[in-house]
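When you get a sec, could you give me coordinates for this:
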Amino acid sequence: MAYNTTILNQLLQLIPRLHFETIAKHHHADRYVKRFTCWNQLTTLLYAQASGKESLREIEHGLAINDNRLYHLGLPYVKRSTLADSNQRRDYRIFESLFYKILDRCKDYTPKHKFRFKNPLYSLDATVIALCLSVFSWAKYGKTKGGIKLHYQFDHSGNIPSFLVITDAIRHEAPVVKRDFHLTPDSIYCFDRAYVDYALFKLISEAKAYFVTRVKDNTDYEITGQHTNTLKKGILSDEVIKLNNMKYDKPLRLVRYYDNDSGELLEFITNNFTLAPHTITQIYKSRWQIEIFFKWIKQNLKIKTFLGTNRNAVMTQIWVAMCYYLLLTYIKYQSKYRESLFYLHRIISDTLLYRMTIIDLLRASPARIQKLEIPEIQLSFF
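Next up is the predicted model:
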């Protein structure tokens with residue numbers, strides 16, 4: 001990475017531009033466009049995400065003030081009306097496709113999950129983004145509320161989102177998984193009781209995969225045998241059960257566990273008969289990582305206030321935010337950066353338009369970052 005480019009430009013260099021241009025051409029994104037291309041739109045939205053800009057006016061002014069630092073990007077003067085039109089008009093699926101392309105690169109560097117077993121481990125969960133119903137009338141949720149729901153498949157290898165579906169907030173979680181998610185063999189899927197659906201159990205089993213979840217209070221089952229007598233580390237029982245339901249007729253495993261920290265008696269069901277009972281409990285406990293992920297993106301990414309009001313503009317902003325999140329994780333894992341993702345985001349945000357290498361930025365202490373920036377060359381006129 002050259003010293004004469006900004007941190008923002010180096011972020012853009014991590015993006016597979018040929019793939020992006022191909023997808024943009026497929027969607028005719030730049031047809032009849034003279035100045036503000038789809039790549040310019042991506043550049044502007046990444047700048048807004050990384051720098052924390054919340055409005056079109058902030059983006060316009062921020063880019064205008066730093067015009068002398070952005071010439072190497074080929075970015076024209078960005079009017080807020082032009083950016084708003086692009087967000088509303090250009091198909092959000094361009095940025096969705098880019099997300100999965102960056103994800104493929106991230107997977108080459110992400111560390112494995114903390115468990116000893118080699119099965120891929122995923123958590124399934126969803127989070128709601130509240131919207132003002134009077135402004136986002138298409139996102140009606142109940143009588144007086146508006147919102148959209150982000151359905152995630154969270155990969156515990158690297159703690160990254162590996163699949164995302166965006167729906168109206170009223171949509172229930174389990175049907176979305178059954179309709180849109182791709183289940184892979186030998187994987188373990190962990191989810192809470194909102195996903196307890198016997199048809200989903202069957203779908204996961206038929207995909208030759210496994211699930212771990214909590215037992216609902218009204219679950220009707222009968223105990224058919226003892227799976228193991230290895231009762232330690234808080235395990236009270238490990239039994240084989242059969243559901244009294246025609247939608248799922250295969251044997252399941254019921255693990256009862258007493259949590260000393262919370263003082264709760266917890267019951268888990270799974271179709272995995274190989275792993276130790278304590279491992280089953282810890283798999284479900286690891287599901288908390290997706291809750292931390294939800295909290296992180298809501299606090300640090302611009303996915304709660306939007307630059308446009310139609311569905312396409314909202315979807316575009318969310319997908320670009322997820323692309324930025326993957327770029328941060330790619331930098332962290334590829335460079336083996338030891339600090340937290342939050343700190344990485346903060347220093348990139350604060351130095352986004354500095355002319356220095358990302359490697360120097362990651363190695364520098366906060367006191368040295370100011371000294372590392374390449375000074376601007378000032379022309380003198382006599």
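
Any stretches of the stretch 251-382 of the chain with poor pLDDT?
For the stretch 251-382 of the chain, the stretches flagged by pLDDT under 70 are 365-382.

one more time with 90, if that's ok
Residues of the stretch 251-382 of the chain meeting the criterion pLDDT under 90: 259-264, 338, 354-357, 360-361, 363-382.

Tell me how far the closest residue to residue 243 other than its chain neighbours lies from residue 340.
Closest residue to residue 243 apart from its sequence neighbours, by CB to CB, 6 or more residues apart in numbering: residue 221 at 5.1 Å. Backbone N, C-alpha and C define where each C-beta goes, glycine included. Using CB to CB, to the nearest Å, residue 221 is found at 43 Å from residue 340.

Show me which helix runs longest in this structure.
helix 311-334 (DSSP state H).

by contact count, what packs against that one?
Judged by 3 or more CB pairs under 8 Å, 6 or more residues apart in numbering; DSSP states H and E, helix 311-334 is in contact with helix 38-51, helix 80-89, helix 93-106, strand 160-168, helix 341-350.

So residue 221 and residue 340 - more neighbours on which side?
Between residue 221 and residue 340, counted using other CB atoms under 10 Å, the more crowded position is residue 221 (15 against 11).

I'd like to know how far residue 345 sits from residue 129.
Taken as CB to CB, the span from residue 345 to residue 129 is 19 Å.

swap in residue 52?
From residue 52 to residue 129 the distance is 17 Å (CB to CB).

The two: which has the busier surroundings?
residue 129 (19 against 16).

Helix or strand: which one has the more buried one?
strand 121-131 (DSSP states H and E).

Quick one: mean pLDDT for the next helix or strand after that strand?
Counting by DSSP H and E, the next helix or strand C-terminal to strand 121-131 is strand 140-141. Regarding strand 140-141, the rounded mean pLDDT is 86.

Sheet partners, orientation included, of strand 140-141?
strand 145-155 (antiparallel) (DSSP bridges).

wait, isn't residue 239 in contact with residue 223?
Yes - here residue 239 reaches residue 223: they are 5.2 Å apart, a contact under CB atoms under 8 Å.

All the strands of the stretch 201-350 of the chain, residue numbers only.
For the stretch 201-350 of the chain, applying DSSP state E, counting those that start in this stretch gives strands covering 210-214, 221-226, 235-243, 252-259, 264-270.

same question for the third one, mean pLDDT?
On average, the pLDDT along strand 235-243 is 94.

Other residues contacting that strand?
Contact partners of strand 235-243, identified using CB atoms under 8 Å, 6 or more residues apart in numbering, comprise 198, 219-231, 249, 251-258, 265, 269, 277-278, 281.

Separate out the buried members of those.
Listed as buried from these are 219, 227, 252, 253, 254, 255, 256, 257, 269, 277, 278, 281; burial here means 16 or more other CB atoms under 10 Å.

Next, format the residues you listed as a markdown table and append distance to residue 311.
Formatted as a markdown table, those follow (distance: CB to CB, whole Å):
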| residue | distance to residue 311 |
| --- | --- |
| 219 | 38 |
| 227 | 48 |
| 252 | 40 |
| 253 | 42 |
| 254 | 43 |
| 255 | 43 |
| 256 | 45 |
| 257 | 43 |
| 269 | 37 |
| 277 | 46 |
| 278 | 45 |
| 281 | 41 |
